[in-house]
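Enquirer: Fold the following.
(one chain, ligands or ions: 3)
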Amino acid sequence: MWVRVLGSAAGGGFPQWNCACPPCRAVRNGSRPTRPRTQSSIAVSADRRRWFLLNASPDVHAQLGACPALQPGPDGSRTVPLEAVLLTDAELDHTLGLLLLREGRGLVLHATAATHDTLSDGTFLLRTLEAYCPVDWRPVVPGVDTALADGLSYRAFDVPTTKRPRFGSGTGEGRVVGYRLTDGRSGRALVYLPVVQELTAAVCAELEDCACLLVDGTCWDDDELVRLGVSGRTAREMGHLPIGGPGGSLERLAPLPVERTVYVHVNNTIPVLLEDSPERRIVEQRGMEVAVDGLEIEV
Ligand code: MLT
Ligand code: MN
Ligand code: ZN
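Expert: Ligands and ions are numbered 1, 2, ... in the order given. Model (predicted):
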């Protein structure tokens, strides 16, 4: 199977429009080695012909435009080989792009009931989209294997979070899921986990025998957003396990026998974006990667 990282930054992108943190300043003025990044989303395909989007970021227009495989065909019709969108949650950075896909004939949307409810009755984004094009909702049920196309299938799994919901009171199962995608022909699996608060035993069980893991790299330290004065909440309170420090994702994931582990959903504030930073060196020394937009991986 093929995966293309369409966007590797967390909400706000890199640089973020209103931010003057050290990495945002460096990417604007070119003073340190780093690259701009758009907001978090990937495209997956078994054969590079039919593609599935995981999350639809506010940057989806530019992301599809930069992806040669997702251009309209030569027959003059307004279609691209985009089969469906799979959502991990209802966060704006993962769903605003749905509205930018409204010119299509319709959209097949895989989402849990909890995410579907938030999009319908919390952010109202789905109601707006449905005024433009039909949306064919496929309920995602954690633990159930679901066929997509060309031998590709997925199993979603619940990712427990204590993040306070902005919309409604939904605190239960299915607010955040990860996806384990399997290519039935090779038997190889990819796990997409852009939001994870804790690597619980149940979440780690989904990583067993996975060839490639794309995982939450939002923060380095738990308290860095508080320290920088940009948030009143720690990384964990925002639903993100930090990369560094004791119990961080680097320490937890580096020993696992996953061929490639790549950080995605990287927040603009964090030093790993600077290619000459000590934090970046630590990630690479542990054999892990930091995604850039346009990265393609054959799993
Ligand atoms: C998050 O990842 O914590 C959210 O997407 C932040 C946000 O967009 O407000
Ligand atoms: Mn986010
Ligand atoms: Zn910034």
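Enquirer: Please name the nearest non-neighbouring residue to Ala26.
Expert: Spatial nearest neighbour of Ala26, excluding adjacent residues (Cβ to Cβ, 6 or more residues apart in numbering): Arg32 at 3.9 Å. For every residue, glycine as well, the C-beta is placed using N, CA and C.
Enquirer: Just to check, the one you found is in contact with Asp276?
Expert: Yes - counting by Cβ atoms under 8 Å, Arg32 does reach Asp276; the two are 6.2 Å apart.
Enquirer: Those two - which one has more neighbours?
Expert: Neighbours were counted for Arg32 and for Asp276 using other Cβ atoms under 10 Å; Arg32 has more, 16 against 11.
Enquirer: Report the contact partners of the residue nearest to the spatial centre of the chain.
Expert: Nearest residue to the geometric centre of the chain (Cα atoms, centre = their mean): Pro194, 4.2 Å. Each residue near Pro194 by Cβ atoms under 8 Å, 6 or more residues apart in numbering is listed here: Ser40, Asn55, Thr88, His94, Leu214, Val215, Asp216, Val264, His265.
Enquirer: can you redo the residues you listed as a markdown table with pLDDT, secondary structure and distance to ligand 1?
Expert: Converted to a markdown table, the contacts of Pro194 look like this (pLDDT from 0 to 100; DSSP: H, G, I helix; E, B strand; the rest coil; distance: Cβ to the nearest ligand atom, whole Å):
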| residue | pLDDT | secondary structure | distance to ligand 1 |
| --- | --- | --- | --- |
| Ser40 | 98 | coil | 8 |
| Asn55 | 99 | coil | 10 |
| Thr88 | 98 | coil | 10 |
| His94 | 98 | helix | 7 |
| Leu214 | 99 | strand | 15 |
| Val215 | 99 | strand | 13 |
| Asp216 | 99 | strand | 8 |
| Val264 | 99 | strand | 11 |
| His265 | 99 | coil | 7 |
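Enquirer: Which one of these is nearest to Phe157?
Expert: Among the contacts of Pro194, Thr88 lies closest to Phe157 (Cβ to Cβ), at 10.6 Å.
Enquirer: what's the closest non-adjacent residue to the residue nearest to the centre of the chain?
Expert: Distance criterion Cβ to Cβ, 6+ apart; nearest residue to Pro194, sequence neighbours excluded, is His265 at 4.1 Å.
Enquirer: likewise Asn267?
Expert: Using Cβ to Cβ, 6+ apart and skipping residues adjacent in sequence, the residue nearest Asn267 is Ala10, 4.2 Å away.
Enquirer: Scan the contacts of Pro194 and report the most crowded one.
Expert: Highest neighbour count within these: Ser40, with 31 neighbours (other Cβ under 10 Å).
Enquirer: and the stretch 51-200 of the chain, which residues reach ligand 2?
Expert: Glu91, Asp93 (Cβ under 5 Å from the ion).
Enquirer: Tell me, how many residues neighbour the closest residue to ligand 1 within the stretch 51-200 of the chain?
Expert: Residue nearest to ligand 1 within the stretch 51-200 of the chain: Glu91 (3.9 Å; Cβ to the nearest ligand atom). Glu91 has 25 neighbouring residues, counting by other Cβ under 10 Å.
Enquirer: Reduced to three states, what does the nearest residue to it once chain neighbours are set aside come out as?
Expert: Distances taken as Cβ to Cβ, 6+ apart place Gly11 nearest to Glu91, at 6.9 Å, with adjacent residues excluded. When classified by DSSP: H, G, I helix; E, B strand; the rest coil, Gly11 comes out as coil.
Enquirer: Quick check, Gly11 in contact with Thr95.
Expert: No - look at Gly11 against Thr95 with Cβ under 8 Å: they stay out of range, at 10.9 Å.
Enquirer: who has more neighbours, those two?
Expert: For Gly11 versus Thr95, the count of surrounding residues by other Cβ under 10 Å is larger for Thr95: 26 against 18.
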